[in-house]
Structure formats: structure tokens, C-alpha cells
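A.B. asks: have a look; sequence and predicted model below, questions after that.
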Amino acid sequence: MERGAEIVITTCAGVRPGEDVVIVTDEERLPIAFALERAVIAARATPTLVVGPRRSIDNEPPSAPIAAAMAAADAVIMPVTHSLSHTAATREAIRAGARVVSLAAFTERMMKAGGLFADFRARKPLCDTLARRLTEAGEVRITSPAGTDLRLGLRGRSGNSHACILDGPGFTAVPNIEANISPADGSAEGVLVADGSIPNFGIGALVEPVVFRIAGGFVSAIEGGGTAEALRELLASQDDPWVYNIAQFAMGLNPECRDFTGEMLNDEGVDGTIHIGIGTSANLGGAVQASTHFDAVIRAPSVWLDGEPVLRDGEHVAVPAGAAAEAR
Amino acid sequence: MTLEARRAAGARRLLQVCARLGAGEEVLIVCDPETEPLARTLAEAAEALGAVPVISRMPARPIDGQEPPATVAAAMKAAAVFLTPVSRSITHTRALRNAVERGARGLVMTQWREEMLAGGGIEADFAAIAPACRRLADALTRGGRLRLTTRAGTDVRMDIRGRRGNALTCIVEPGEFSPVPTIEANVSPVEGSAEGTFVADVSVPYADIGVLERPIRVELREGFVREIHGGAQAERLQQVLDSFRDPLSFNVAELGFGMNPEAEVTGFMLEDEAVAGTAHLGIGTSITLGGRVKAASHYDLLLWHPTLTVDGETVVRDGELVV
């Protein structure tokens, strides 16, 4: 895992000599955390490993000492079992000047092969361009062969380029190079058919599609087989209406994330897919802090921004000059 | 009981009796690679009590008394309870003082070994000894001038006017810290006031010096250690203190009295300083004890069977509290 750890620490987090680096982890991810710790020492920075109890669900807030350590760090690396990306702790750390890298649900396989070994620098211009186009667009429409047909309003919201490289305070998950945006509250309408992956809550790559009926910015119904039923029950148990909020539209852009494996940050990064984030939007430019945030990934989507095609059946189209070469 | 069960019982005792850890409380355990197994034992005990443990593992500090990384300092400040099983002391740091000022309850566990959970000072009846500890601390708070003597040749005088006596009972309230199992009463003398000769004949539990083979005699003038005499261990002490290149490392920071009847001299800092019938001279940083000095380090020198008089009244005679 040494090479993968070095990529995370030096390429993604940009750790420099003398910096204070917090590695937030739990018992299950310790081998990965130890590899990262060695990479921090090799970069002549100071690692602090913070081992907390596993959270019970993705994006449950970490305990106060962990949040405080994050806010005091120059860089925060999070190889955790349950994501901390969409928590106030992450937001506060960025506000305090930290560069935050999520490695949620990371596996040793992901440290050794796949998306982490993509050329992030080369992919960044495309990611930046798409984020800018999201900022400029008023509406996005998404369809897919499985039956997705969804419209989201984007007015007043800014796109985010999470290219797995942090040059200053900010956030990226690794290795899911993605351009994303939080849609205008209440604007999402249509149907979303998740047929790729729901890489949260132990669901993973989907064998049967899960259908989300969406109205007025919220999921109004979840249909399908046993997976849909389990998800329905889990969300109902949160006793929080905001867990149904349509929080995010994102395009995966990592050519080395080749297929759905059930590994969250791999699945979200698969090139030519899109995912819809549901729940908390506060760390993406939205206003909602829910008790969780999860994602539903769509295969072979077609995407239009104000009527202009961006993806057709999972293939990049009409990428503006400059980024076109990177897209292929 | 198996060794493992005795350790678990010791950890539970520390958390319940000393830290008074409650269910649902967030407890930060600061450790380094060497002390991580101990940190895990403590975390398991905390979890068993329904508390929320967070282990914060930092690289081992090169010397005692150095500030932990800013990230660890921030985590300490945010915790309800913190424990510090570390190889090198972070007791006399701003990080610890800031955490305590925020209302945290802290147990200092420098140089702890897992076997210390299984027996020794940990077995003391902390609540029963606390009143005696407070009586001695009160005598130090009220006092103006103190004199410390031993049959081995110690004769030290200090001014403690306006300084508080600290009762480290190993049972902490919000805003307090205590080394464990170091039941001790101590005071930080007025800067510049310590004068005389201190003959350490127990241990210097720092910098791998440990239990003393020959006594170390230190001469104190105007509040500073001016001379260190003795054998190879005295030389080692001199070298280490010189290496900090900080004259304040020689500041007379503390006079403390061990009061734990179960503790034995082992060369490990907190077990040694706890031993009933010993006194220790702290040198270097004094800010966590009520003094004004922040130095590069804080070291302690221990002696047996002290006699303490405060304003002419005998308070400790040959290591026994008489008030």
C-alpha cells in the first residue's frame, strides 16, 4: 500500500514538510491508516492518528475531540468505515484552513490498484470545466436506459470540482474524480432508476434496480425489490424528513474506476456515470444538514445542461476545446 | 484472576474512580506508538462503561515536556476527559493547561506500562487517602517559608508565599488533572527563592536515568540548580539538562510529596513519584503547578524520608504526615 499512500499524501493532500496531518480512522481501517501515517512521516510532516468508535451510519457527526483535531490540522485524511464527508466537522475544518481528503470505506484493494492510480493532474481540467458548466447552467436533465428521467434546477448554485487534488483549503474524496453541484432546493422532479450502485449502508453494486420517485426536491417513494425495501426501512428509522432531500448531482470522471465493486469512492468515480446524492447538501453549497447522506449511481446516463448534451449513454460529448483531449 | 482480567479491572478502576467517567462521555486517550497497546486496553474499558473513547496516537516526542501537535492539543481541549499514556511527558504543556482550563478532567499517565494496570499504586484506596493529601496541600497553601531536610544531607529552604498547594488525589473534578497513581501534595516555590542542598537517593525517573545507584547532590541558589554532583547518573542528568540549551530547565519548579502506600520504586515516573515516604524536587516548567516558568522540560529528583517544616511547624517527619 506504500505507493497508494504516497499518492494520497503528496499528490492528493499536497502535504508539505512540517505540517500537522490528522488521520481519522477506526479499528477496521487501521492497516490503511498505518500506511498513510508512514507516508506522512516520509513527507517530513507530523501525523496524528485519531481512532474513534465506528459511527453507526454514513455522515453521523464524529465526537467532539475528533472534530477539534480536524479543525486544528493542516491536512485531514479520513480512512473511515462510515463517511464523514457530509458533516459539520468537515465543513468547520475547511473553514479553519484544512485540506480534507475523504477515503471513506476505503479498501486495501483501492490502495493498491484502480482509481487511485489515475493521472489526477491530467483529469483536473475536464473536472474544472464541467464544474464551471454546472455553475453556468440553469437546469440539468438526466435520462438513462433503465428509465431515469430527472430534472434539477441549478440556478443560484455553484459547481464543485473534486479532482482528487487539493492546492488549498477544501475537500475532495479520492479516487472519485467528480464534478458536482447541489441543486436548488425543491427543484428536483422526475424518476431516478439506480442500476449501478448504492455504495452506502452495506448495499453496494446493484443486482436489481432501485426506483426513486422524486417530487418537489424530495424522494417521495422508493420502489423495487428487497434492496428498495431495506433502504426504505433504514431511512424511515432515521426519523428525519431531510434524509429524502435531493442533495447532489455528480458526474464520475475517473477512467481508472472501471466498474462497480460496491466500494463507495470507486463506484462514485466510474467514468461516464452520474450519481445523485440524497440527504445532507451543506458541504456542497446547499443548506440541508440531514442525519445522513447516501448516493445512487446510474449506468450509461445521458445528461443535458440547458439542452446542451454533456453525456450520451455514458460517453462524454461536446466537451469544450481544451478539455476535449482529456475527455477521451 | 488472570493478568488480563487484572489489567481490565485496573483500567476500569482508573476510569470509574479516578476519572469518574460517566456513560456517554467523550474520553480522549493520547498515546504514541510505544504506548498504543495500553491505550487500547483503556479504550476497551471506556467502551465497556458506555463512554465514547477516541485514541489519538502521535509520534513519540523526543523529550519530556514538549508540546504535543496542535491537533492533539485541540482534541484534548474538546474532550470531557483525557488520559495521557505517553512515553514522554506532556504534563507540563500549554496543551494540558488549556484543556484543564476548559473544564476537562485529566489523568496523566506518562511512562505507564500495562503491568501498572494489574497492580501496585493503582490498588490504593484513593478516596480514603484524599483527605490527608488535601491537609498537606492546605498546609502548603497557608505557608510562607518551608524547609526540607533529610538524614542524607538535604537542607532546602523555599519561599511559598502566595502559592497554592496542589492536592493530586488521583480523583479529578472538572478543571483538574492528576497524575495516576501519584497521590501527592506539591507546591511551586516563588521564583528565585530556593536555596540549599537536595540529596536525591531514590530515583530520577526521566531520560533513562531511573533508580539511583549513588545519590545525586544538587546545589540550589536563587531558585536555580547550580551544581549537580554524584556518579554516572548525575553526569547523565547534567548532560541532558545542558542539551536543552534553556537556562529555565534548571529552574526550581516544585516540591512534591508522594502519598500512595501501594506504590513501589520502579524507575517509572508516576509510580515512583507516588511512593509514600518520598519527596521530589521538580525542575524546569512550573506553569501547571501555579508557577510562572515555561521551560523546555520538567524533571523530578526523588529522595527518601523527608522532614518538612512550614513556618517552623513540622508537617512531615521522616516521610510521615504529622498534621
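C.D. replies: Structure received. Everything quoted here is computed from the prediction, not taken from an experiment. Numbering: from 1, shown residues only, chains lettered A, B, ... in the order given.
A.B. asks: show me what from chain B comes close to chain A.
C.D. replies: Contact residues, chain B versus chain A (C-beta under 8 Å from any C-beta of the partner chain): B:26, B:28, B:43, B:47, B:52-59, B:69-79. (Each C-beta comes from the backbone N, C-alpha and C, glycine too.)
A.B. asks: out of the residues you listed, which sit inside strands?
C.D. replies: B:26, B:28, B:52, B:53, B:54, B:55, B:56, B:57 (DSSP state E).
A.B. asks: what's the first helix or strand after the one helix or strand residue B:157 maps to?
C.D. replies: With secondary structure defined by DSSP states H and E, residue B:157 is part of strand B:155-159. Toward the C-terminus, strand B:155-159 is succeeded by strand B:165-168 as the next helix or strand (DSSP H and E).
A.B. asks: quick one: contacts of that following strand?
C.D. replies: B:130, B:133-134, B:136-141, B:143, B:178-179, B:182-187, B:289-290 (C-beta atoms under 8 Å, 6 or more residues apart in numbering or on different chains).
A.B. asks: ok, residue B:254 - contacts?
C.D. replies: Contacts for residue B:254 (C-beta under 8 Å, 6+ apart) come out as B:186, B:187, B:188, B:189, B:280, B:281, B:282, B:283, B:286, B:289, B:291, B:300.
A.B. asks: pretty sure residue A:270 sits against residue A:250.
C.D. replies: No. If you go by C-beta atoms under 8 Å, residue A:270 and residue A:250 don't touch, sitting 11.2 Å apart.
A.B. asks: distance check, the closest residue to residue B:209 other than its chain neighbours against chain A.
C.D. replies: Distances taken as C-beta to C-beta, 6 or more residues apart in numbering or on different chains put residue B:233 closest to residue B:209, at 5.2 Å, once the chain neighbours are dropped. For residue B:233, the distance to chain A (C-beta to the nearest C-beta, to the nearest Å) stands at 32 Å.
A.B. asks: residues near residue B:233, how many?
C.D. replies: Residue B:233 has 22 neighbours, counted by other C-beta atoms under 10 Å in any protein chain shown.
A.B. asks: now do the same for it: helix, strand or coil?
C.D. replies: helix (DSSP: H, G, I helix; E, B strand; the rest coil).
A.B. asks: contacting residues around it?
C.D. replies: B:204, B:209, B:212, B:213, B:214, B:216.
A.B. asks: one more time with 10 Å
C.D. replies: Taking C-beta atoms under 10 Å, 6 or more residues apart in numbering or on different chains, we find residue B:233 in contact with B:200, B:203-204, B:207-216.
A.B. asks: adding pLDDT, neighbour count and secondary structure, write the residues you listed out as JSON lines.
C.D. replies: Supplementary listing: the contacts of residue B:233 in JSON lines, determined by pLDDT from 0 to 100; neighbours: other C-beta atoms under 10 Å in any protein chain shown; DSSP: H, G, I helix; E, B strand; the rest coil:
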{"residue": "B:200", "pLDDT": "97", "neighbour count": "29", "secondary structure": "strand"}
{"residue": "B:203", "pLDDT": "94", "neighbour count": "27", "secondary structure": "strand"}
{"residue": "B:204", "pLDDT": "94", "neighbour count": "26", "secondary structure": "strand"}
{"residue": "B:207", "pLDDT": "82", "neighbour count": "18", "secondary structure": "coil"}
{"residue": "B:208", "pLDDT": "86", "neighbour count": "10", "secondary structure": "coil"}
{"residue": "B:209", "pLDDT": "93", "neighbour count": "20", "secondary structure": "coil"}
{"residue": "B:210", "pLDDT": "92", "neighbour count": "17", "secondary structure": "strand"}
{"residue": "B:211", "pLDDT": "93", "neighbour count": "15", "secondary structure": "strand"}
{"residue": "B:212", "pLDDT": "95", "neighbour count": "21", "secondary structure": "coil"}
{"residue": "B:213", "pLDDT": "95", "neighbour count": "9", "secondary structure": "coil"}
{"residue": "B:214", "pLDDT": "96", "neighbour count": "12", "secondary structure": "coil"}
{"residue": "B:215", "pLDDT": "97", "neighbour count": "18", "secondary structure": "coil"}
{"residue": "B:216", "pLDDT": "98", "neighbour count": "25", "secondary structure": "strand"}
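A.B. asks: what segments of the stretch 101-250 of chain A are helices?
C.D. replies: Assigned by DSSP state H, counting those that start in this stretch, the stretch 101-250 of chain A shows helices spanning A:108-112, A:120-136, A:226-237.
A.B. asks: nearest to residue A:102, out of these?
C.D. replies: helix A:108-112 (12.4 Å; C-beta to C-beta).
A.B. asks: so for chain B, which of the helices of the stretch 101-250 of chain A sits nearest?
C.D. replies: Within these, the stretch nearest chain B is helix A:108-112; the backing value is 19.6 Å (C-beta to the nearest C-beta).
A.B. asks: contact partners of that closest one?
C.D. replies: By C-beta under 10 Å, 6+ apart, the list of residues contacting helix A:108-112 reads A:1-5, A:7-8, A:29, A:31-32, A:35-36, A:79, A:103, A:116-117, A:174-175, A:257, A:261, A:263-266.
A.B. asks: related to what we said a few turns ago, I'd like the contacts of residue B:254 laid out as TSV, including secondary structure, neighbour count and pLDDT.
C.D. replies: Shown next, in TSV, are these (DSSP: H, G, I helix; E, B strand; the rest coil; neighbours: other C-beta atoms under 10 Å in any protein chain shown; pLDDT from 0 to 100):
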residue	secondary structure	neighbour count	pLDDT
B:186	strand	26	96
B:187	strand	26	98
B:188	coil	28	98
B:189	coil	30	98
B:280	strand	29	97
B:281	strand	26	97
B:282	strand	23	96
B:283	strand	28	96
B:286	coil	24	93
B:289	helix	24	89
B:291	coil	21	94
B:300	strand	25	93
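A.B. asks: any idea which of those is closest to chain A?
C.D. replies: Using C-beta to the nearest C-beta, the contacts of residue B:254 come closest to chain A at residue B:289, 25.2 Å.
A.B. asks: in contact with the closest one, which residues?
C.D. replies: Contacts of residue B:289 by C-beta under 10 Å, 6+ apart are B:91-92, B:163-166, B:168, B:186-189, B:253-256, B:282, B:298.
A.B. asks: what about 7 Å?
C.D. replies: Taking C-beta atoms under 7 Å, 6 or more residues apart in numbering or on different chains, we find residue B:289 in contact with B:166, B:186, B:188, B:253, B:254.
A.B. asks: what residue is smack in the middle of chain B?
C.D. replies: Residue closest to the mean C-alpha point of chain B, counted by C-alpha atoms, centre = their mean, is residue B:179 at 5.2 Å.
A.B. asks: returning to that earlier point: and the two most separated of the contacts of residue B:233?
C.D. replies: B:208 and B:215 (18.4 Å).
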